[in-house]
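Q: what follows is a predicted protein model with its sequence.
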Amino acid sequence: MRDLLSVLVTVFIFPGFGFLVACAFLFEWIDRRTIARLQARIGPPWFQPVADLLKLLSKENVLPRQADRPICTALPVVSLAAVLTAALYIPVGGRVVYAFEGDLIVVLFLLSLPALFYFLAGWVSGGVYSIIGGSRSVLQYFSYEVPFLMALSAPAILTGSWSISEIISQQTGAGWILLVQPLGFLLAVVGLIGKLKRVPFDIPKAKSEVVGGPLTEFSGRKLALWHLTVDIQTVAGIFLLVNVFLGGGNLAFLRYSASLGLVRAAAFAVKALAMLLILSVTSALYARLRIDQLTSLGWRVLAPLGLVELAATMLIGVV
Amino acid sequence: MTRVTIPVGPQHPLLKEPLSFRLTAEGERVMEAALRMGYVHRGIERLSEERNYVQNLYLLERVCGICSHVHTTTYCQGVEALLELDVPPRGLMLRTLLCELERIHSHMLWLGVLAENIGFSTIFMYSWRDREIALDIMEDLSGGRIAHAVNTIGGVRIDPEPEQIRAARHRLNALEDQVDDLVDVVKYEGTLKVRTQGVGGASLEQVRRHCAVGPVARAAGLDRDLRRDAPYAAYDRLFFNVITASDGDVWAATWVRVLEVLESLSMCRQILDDLPEGEVSTRAPRRVPEGEVVSRAEAPRGEVVYYIRSDGSDKPARIKIRTPTLPALSLVREQLRDINIADVPVVISGIDLCIACADR
């Protein structure tokens, strides 16, 4: 009974769904607020993300006649499920819902699923803007995903493990992987920005070109779930990068016992917020690129850099 | 590849005013564009025949929400020519001051719109925040931020006190600091350049063929500016450069406009430093003698032409307005051929369309 209760708490409260959703709202608020301050605006109050979600949940749910209704209804639910599941395997300050050898691969796979569903959403919802946005999102997917995967494989090769927890524990005494692979970290951040479709890679949903992109025809509950998906994806992506490159809750070069759980949690929070700050500042700094500019950046610059990164890591492993 | 028709407008996030493009696209490539306009036609030219010359001032100010002052300036100049009225120098100077302030706020508004359309919301926010300074000066001088009701036949209706002029000068300094930053952004910011350079290029030949005017024409190298070539108001007493570029693309047009803002700031300063004393207007009779006149002025977007015919009564027999957006629209249709969909907002906003002006 007690075990069941603790499992339920882990899955639904901490570090499970409840914590993730709370983080999603908090991160969205901090993000919007930071960008607003950088743009000489005030920004929304803390409850705005929650209010936005509630408003969308209560609004009318319309779809065009030519849209494929069952698929359109299922897509946001499935992609939300995918990112929530991915987040369950990512440790938060030393606590994790479920971990096993190879969970990094599962997380990467689950985190890339929403991109596919996003494309499908554009394809089946029956609007011109949606179709263009959808085809753009696929082009974009291939540009950022390859360097992102290469950047995240390098730490796994370096530590010799595909388990996130193992990668973290390897960083405990030896320092952060960021210090060994700054290039990989940079590629991972760029890839994450592409994954989250933030400026300068918000190409599939560029409103002056394709209105709302693949989500143009979505409204009400379905749109609310899409927004929540992106928010949770942001949280999961940031947590993943903090774990893999910044040593999770570890302080650099410092070994401390498990009793310092609070310090560990605080360190993790600070790192996650710093990552969020990087994302916010980048999106205030740039204009949106064109899709052909992004693909050429992805394949001419990012992917070769990723290869260099991988080759270097393997060489270090051999030596 | 199958062709799809993409509707852009009459309601679309890219357009701030109703206008309709039907783009025929193959994949990400726009093959051709069809244009439809007239959504904000208000029949202003016909209405102006129903009103007397003074009432028309307030009607014509509402042709456009951005260049409202230049419309009344052109109209007043025409009527003053028919009446053979001489406007006092102070009146002319103040009229010019408002013209230049309006150019500043129009160009900054445009820079914000361009930035927003290429997804650069930070510059949109900055540019529109700084534009408020120009609006504040106009509000302080005239009481109106957008529709100023400054012009009247025979002069202007404002006569600023010395402290108002001092305040305006302070505000101009603050504005210049901000504009300098924006100039740097246009000059050095990589993503902005990548999105605007080589996009929407208009050659000098295209510009001449479509009779394009204003910053778009000057960006393509056409060295033409009415303020210098056919000085009206007090422009013959001011020192300024006509900014031109040679590439004709959207970046060149942006560059021309931000530098024009700096020139306008310097002109405003010259006016405030050197404002003559005396009356601001002369009395004008209600009836205008029979005759016809063509009056021109350089609006922020280029040359505005008014044709006014009088039959000797207190109402005009005909007023015909030609705004700079009309040639720009035929140019933009040609530019929207064989380009990337992502470049459509850049091309359309680069040309600075004013639909309310064009539809009237």
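A: Alright, I've got the coordinates.
Q: can you pull the pLDDT of B:Glu277?
A: Confidence at B:Glu277, expressed as pLDDT, is 84.
Q: what's the neighbour count on it?
A: Residues near B:Glu277, counting by other C-beta atoms under 10 Å in any protein chain shown, number 7. Quick note: C-beta positions are derived from backbone N, CA and C, even for glycine.
Q: A:Asp94 touches A:Arg264, doesn't it?
A: Quick fix: residue A:94 reads Gly, not Asp. Yes - with contact defined as C-beta atoms under 8 Å, A:Gly94 counts as touching A:Arg264 (5.0 Å).
Q: between the two, what contacts are shared?
A: Common neighbours of A:Gly94 and A:Arg264, using C-beta atoms under 8 Å, 6 or more residues apart in numbering or on different chains, are A:248-249.
Q: quick one: secondary structure of the residue of the stretch 101-250 of chain A found nearest chain B?
A: In the stretch 101-250 of chain A, the residue that lies nearest chain B is A:Ser208 (4.0 Å; C-beta to the nearest C-beta). Under the three-state scheme (DSSP: H, G, I helix; E, B strand; the rest coil), A:Ser208 adopts helix.
Q: identify the residues contacting the residue lying closest to B:Pro285 once chain neighbours are set aside.
A: Counting by C-beta to C-beta, 6 or more residues apart in numbering or on different chains, B:Leu83 is the residue found nearest to B:Pro285 once chain neighbours are left out, at 6.8 Å. By C-beta under 8 Å, 6+ apart, the contact list for B:Leu83 reads B:153-154, B:284-285, B:288-289.
Q: what does the pLDDT read for B:Leu83?
A: Looking at B:Leu83, the pLDDT reads 88.
Q: what's the first helix or strand after the helix or strand in which B:Val332 is found?
A: Secondary structure from DSSP states H and E places B:Val332 in helix B:325-335. Counting by DSSP H and E, the next helix or strand C-terminal to helix B:325-335 is strand B:339-340.
Q: so which elements touch that following strand?
A: Strand B:339-340 is packed against strand B:29-36, with contacts defined by 3 or more C-beta pairs under 8 Å, 6 or more residues apart in numbering or on different chains; DSSP states H and E.
Q: what packs against the strand it packs on?
A: strand B:20-26, helix B:325-335, strand B:339-340.
Q: nearest to A:Ala86, of those?
A: Closest to A:Ala86 of these, according to C-beta to C-beta: strand B:339-340, at 34.0 Å.
Q: and that closest one, which strands flank it?
A: Sheet pairing of strand B:339-340 (DSSP bridges) gives strand B:29-36 (antiparallel).
Q: give the contact list for B:Tyr53.
A: B:79, B:153, B:284, B:286, B:288, B:314-316.
Q: okay, helices next: where are they in the stretch 201-319 of chain A?
A: Assigned by DSSP state H, counting those that start in this stretch, the stretch 201-319 of chain A shows helices spanning A:207-210, A:220-245, A:261-285, A:291-296, A:303-318.
Q: out of these, which one sits most buried?
A: helix A:207-210 (a mean of 25; mean count of other C-beta atoms under 10 Å in any protein chain shown).
Q: gap between B:Asp159 and chain A?
A: 35 Å (C-beta to the nearest C-beta, to the nearest Å).
Q: do B:Leu329 as well
A: 19 Å.
Q: on that earlier part again, mind listing which of the contacts of B:Tyr53 are in helices?
A: B:Val79 (DSSP state H).
Q: show the buried residues in the contacts of B:Tyr53.
A: Among the contacts of B:Tyr53, those classed as buried by 16 or more other C-beta atoms under 10 Å in any protein chain shown are B:79, B:153, B:284, B:288, B:315-316.
Q: spatially central, which residue of the chain would that be?
A: Answering for chain A, as no chain was given. A:Gly237 (2.9 Å; C-alpha atoms, centre = their mean).
Q: sorry, I should have been clearer: chain B.
A: Centroid-nearest residue in chain B, with C-alpha atoms, centre = their mean: B:Pro300, separated by 2.7 Å.
Q: how much space between that residue and A:Thr313?
A: Taking C-beta to C-beta, to the nearest Å as the measure, B:Pro300 falls 57 Å from A:Thr313.
Q: ok, B:Glu334 next?
A: For B:Glu334, the distance to A:Thr313 - C-beta to C-beta - is 53 Å.
Q: check chain A for the residue nearest chain B and tell me.
A: A:Arg288 (2.9 Å).
Q: shouldn't that residue be in contact with B:Ser121?
A: No - in terms of C-beta under 8 Å, A:Arg288 does not count as a neighbour of B:Ser121; the distance is 9.6 Å.
Q: could you look up the SS state of B:Glu298?
A: strand.
Q: for it, grab the count of nearby residues.
A: Counted with other C-beta under 10 Å, residues neighbouring B:Glu298 total 27.
Q: contacting residues around the closest residue to it other than its chain neighbours?
A: Excluding the flanking residues, the one nearest B:Glu298 by C-beta to C-beta, 6+ apart is B:Leu226, at 4.0 Å. B:Leu226 makes contacts with B:232, B:296-298, B:303, as judged by C-beta under 8 Å, 6+ apart.
Q: hmm, which of those residues are the buried ones?
A: Buried members of the contacts of B:Leu226, counted by 16+ other C-beta under 10 Å: B:232, B:296-298, B:303.
Q: any stretches of the stretch 151-300 of chain A with poor pLDDT?
A: Applying pLDDT under 70 to the stretch 151-300 of chain A flags residues A:173, A:252-260.
Q: which residue ranges of the stretch 1-150 of chain A form helices?
A: Taking DSSP H, counting those that start in this stretch as the test, the helices found in the stretch 1-150 of chain A are A:2-12, A:17-38, A:48-57, A:69-88, A:103-124, A:128-159.
Q: residues in the stretch 101-250 of chain B within reach of chain A, list them.
A: Contacts of the stretch 101-250 of chain B with chain A, taken as C-beta under 8 Å from any C-beta of the partner chain, map to B:115-123, B:125-126, B:129, B:189, B:191-192, B:194-195.
Q: would you mind measuring from the residue nearest to B:Glu298 to B:Leu59?
A: Counting by C-beta to C-beta, the gap from B:Leu226 to B:Leu59 is 24 Å.
Q: what of B:Ile321?
A: 11 Å.
Q: of those two, which one has the most company?
A: When neighbours are counted by other C-beta under 10 Å, B:Ile321 and B:Leu59 differ, and B:Ile321 comes out ahead with 22 against 19.
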